[in-house]
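S.K.: structure, please.
(one chain, ligands or ions: 1)
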Amino acid sequence: MHENKTGATSRRRFLTNTGCAAGASALSGIALPPVHAAGTETIQVALVGCGGRGTGAAMNALSVTNGPTKLVAMADVVPKKLNDNYDKLKTKFPGQVDVPPDRKFLGFEAYRQAMECLKPGDLVILGTPPAFRWVQFSHAIEKGLHTFMEKPVTVDGPTTRRMLALADLSAKKKLKVGVGLMVRHCRARQELLKRIRDGQIGEIVAMRAYRMGQGGGTAGPRPEGVSEVMYQVQRFHAFLWASGGVFSDYYIHQIDECSWMKGAWPVEAHAVGGRHYRRDSLDQNFDTYSVQFTYPDGTRLFFDGRNMAGCRDEFASYAHGSKGSAVISTLVHTPGMTRIYKGQNIPRVTSRKQLPLPPDPNLVWAYPQPEQSPYQLELDDLLAAIREDKPYNEARRGAEASLVTSMGRMAAHTGQIITYDQMLNCDHEFAPDVDKLTMDGPAPLLPGADGKYRVPQPGVLKDREY
Ligand SMILES: NC(=O)c1ccc[n+]([C@@H]2O[C@H](COP(=O)([O-])OP(=O)(O)OC[C@H]3O[C@@H](n4cnc5c(N)ncnc54)[C@H](O)[C@@H]3O)[C@@H](O)[C@H]2O)c1
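M.R.: I've put the predicted structure just below:
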């Protein structure tokens, strides 16, 4: 395995040692048009960020049925993550995982090395924390690679502007780009959208969404021997620069799926939230958030988020229309159990123990169970577009979803009304040098003399979150 503690990778050593070196040296810096893989041609895959979701997405990419795929390179900053998930992938897909030690790369530059093992028209999966998205997506575009990248794709105004420009560039280069807002690929939600567009619940007049769970995003003290930057990267939900916190990382799904059903992005957010029960946690999150998003026609989305043990859990999204109401999500992302009801009385489902739902005279329609996994469908759809060379680019939509999510978060963290334009033009970049991080170098956020990190102060800090 190639490890590079300083992040200043020994490119020469890599180029002379690896099987992909010749291709890499021949291609570096040259923007080639993507090669489109025909049905029978193997699409090579590189995985950057080999954690839970990256590994899941790689499994989905190796499970597509419309042509051969092969995992050829892996990159991470934590050896154990890379090795453990390599073992998992190799065990499950022995014939499709071909990642010898010299195509396993470690360090903040490892993404470049992994991408050098691909040829234009291959696929890279970005499963790293969101802060790294624009850096790694820029390189994928430069190399002519199709990309699947997890959400959120940005965490602040400046990186959203950058990502929107990259979205345009990738579309211009006819690259196919998937963004991990997998609900958009769920056939049940697609059917619900069609029914809403057909007028089955009338005009949407309000929406509600809930992501209330027992915890998340906390951080204990930095363990001995772990650098500040590696401590924060490994607890990325705790630090706003790395992930946008639990607000961006968790809540983006509900905000995106409601906006999709509405057919618009919200134009402003006002919010309340607080940090009451974090105990000794060193993270930057609030433990409660309540946000009112306003759409261009004045329709509101009321969103509640809570990360607090002992409180009632709820995970759901609802649309209320002039003629009826709809359930967009129930309990989890999948199955969505989408339904349409006559009137506005939607039975609340907060536990699996309530399933299957009893007969309800107000139920108009329910998507038949079982549902296919949208995590598989999003990769099926992306790979089909690559093979058929169909236009397919979710990067702009992913950046917009990330932006409106940041808008809600900033409204809560500052105690101000934040508009779409204010969020887009906000100049607070949380991690300006994230492309230059090294394993032992300075972190984008430093603790104060008391060992604590800055947290949002609504009403005190009004034009930046910390
Ligand atoms: N769509 C979904 O439902 C869903 C579910 C879970 C996670 N996610 C998203 O997936 C992303 C990863 O989340 P996760 O739960 O898999 O986290 P994770 O911690 O399990 O995985 C992240 C991996 O990236 C590695 N990493 C960190 N910085 C890196 C860098 N600069 N270069 C290379 N590797 C790096 C980490 O060591 C780790 O192995 C997040 O953006 C998260 O929001 C999406």
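S.K.: tell me the contacts of the closest residue to E394 other than its chain neighbours?
M.R.: Spatial nearest neighbour of E394, excluding adjacent residues (C-beta to C-beta, 6 or more residues apart in numbering): V179 at 4.2 Å. The C-beta positions use only the backbone N, C-alpha and C, and glycine is treated the same way. V179 makes contact with 148-151, 153, 394-395, 397-398, 401, according to C-beta atoms under 8 Å, 6 or more residues apart in numbering.
S.K.: again, 6 Å this time
M.R.: 149, 151, 394, 398 (C-beta atoms under 6 Å, 6 or more residues apart in numbering).
S.K.: out of the residues you listed, which is nearest to the ligand?
M.R.: When the contacts of V179 are ranked by distance to the ligand (C-beta to the nearest ligand atom), K151 comes first, at 5.7 Å.
S.K.: verify the stated contact: that closest one with G180.
M.R.: Yes - using C-beta atoms under 6 Å, K151 and G180 qualify as a contacting pair, with a distance of 4.7 Å.
S.K.: ok, these two, which is more surrounded?
M.R.: G180 (28 against 22; other C-beta atoms under 10 Å).
S.K.: just give the nearest non-adjacent residue to that one, would you?
M.R.: Leaving aside its chain neighbours, G180 sits nearest to E150 (4.1 Å; criterion: C-beta to C-beta, 6+ apart).
S.K.: which ones are touching that neighbour?
M.R.: Neighbours of E150 in contact, by C-beta under 6 Å, 6+ apart: 53, 127, 180.
S.K.: so the first one, which of the three states?
M.R.: Put simply, R53 is helix when judged by DSSP: H, G, I helix; E, B strand; the rest coil.
S.K.: does it really touch G127, like I thought?
M.R.: Yes - here R53 reaches G127: they are 5.1 Å apart, a contact under C-beta under 6 Å.
S.K.: the two: who's more crowded?
M.R.: G127 (23 against 16).
S.K.: tell me the contacts of that one?
M.R.: 49, 51, 53-54, 57, 150 are the contacts of G127 under C-beta under 6 Å, 6+ apart.
S.K.: try it again with 10 Å
M.R.: G127 sits next to 47-58, 75-76, 85, 148-150, 180 when contact means C-beta atoms under 10 Å, 6 or more residues apart in numbering.
S.K.: show only the entries of these found in strands.
M.R.: 47-48, 75-76, 148-149 (DSSP state E).
S.K.: joint contacts of R53 and G127?
M.R.: 150, 180.
S.K.: look at the residue positioned nearest the centre of the chain and report its pLDDT.
M.R.: Geometric centre of the chain, nearest residue: K151, 1.3 Å, by C-alpha atoms, centre = their mean. K151 carries a pLDDT value of 98.
S.K.: and the one 3 residues further on, by the same measure?
M.R.: Turning to T154, the model gives it a pLDDT of 98.
S.K.: wait, it touches V135, no?
M.R.: No - between T154 and V135 there is no contact, the gap being 11.7 Å when judged by C-beta atoms under 10 Å.
S.K.: so those two - more neighbours on which side?
M.R.: Neighbour count, other C-beta under 10 Å: between T154 and V135, T154 has more, with 27 against 20.
S.K.: returning to what we had before: how about a markdown table for the contacts of E150, with distance to I201 and pLDDT added?
M.R.: Below are those laid out as a markdown table (distance: C-beta to C-beta, whole Å; pLDDT from 0 to 100):
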| residue | distance to I201 | pLDDT |
| --- | --- | --- |
| R53 | 32 | 98 |
| G127 | 36 | 98 |
| G180 | 28 | 98 |
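S.K.: could you dump those residues to JSON lines with distance to the ligand?
M.R.: JSON lines is the format used below for these (distance: C-beta to the nearest ligand atom, whole Å):
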{"residue": "R53", "distance to the ligand": "3"}
{"residue": "G127", "distance to the ligand": "5"}
{"residue": "G180", "distance to the ligand": "4"}
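S.K.: hmm, the top helix by length along the chain in reach of the ligand?
M.R.: Scanning the chain for the longest helix, with DSSP state H as the assignment, gives helix 395-414. No - Helix 395-414 does not reach the ligand (C-beta under 6 Å from any ligand atom); its nearest approach is 10.2 Å.
S.K.: which bits of the chain sit near the ligand?
M.R.: 48-54, 75-78, 81, 108, 110-111, 127-130, 132, 150-151, 180, 182, 233, 249, 333.
S.K.: filter the residues you listed down to the buried ones, PyMOL style.
M.R.: Selecting only the buried entries of these in PyMOL, with 16 or more other C-beta atoms under 10 Å as the criterion:
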select buried, resi 48+49+50+51+53+54+75+76+77+81+108+110+111+127+128+129+130+132+150+151+180+182+233+249+333
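S.K.: next one, pLDDT for the residue of the chain found nearest the ligand please.
M.R.: Of all residues in the chain, G51 sits closest to the ligand, at 1.8 Å by C-beta to the nearest ligand atom. At G51, the model reports a pLDDT of 98.
S.K.: my guess is it meets N85, correct?
M.R.: Yes - the criterion here is C-beta under 10 Å, and G51 meets it with N85 at 7.3 Å.
S.K.: give the residues shared as contacts by K151 and G180.
M.R.: 53, 252-253, 394, 398.
S.K.: just flag the most distant two among those residues.
M.R.: R53 and E394 (16.0 Å; C-beta to C-beta).
S.K.: now do the same end-to-end measure for stretch 204-221.
M.R.: Length of stretch 204-221, first residue to last, C-alpha to C-alpha, to the nearest Å: 46 Å.
S.K.: buried residues in the strand of greatest length in the chain?
M.R.: Across the chain, the longest stretch assigned as strand under DSSP E is strand 204-213. Judged by neighbour count (16+ other C-beta under 10 Å), strand 204-213 contains these buried residues: 204-205, 207-213.
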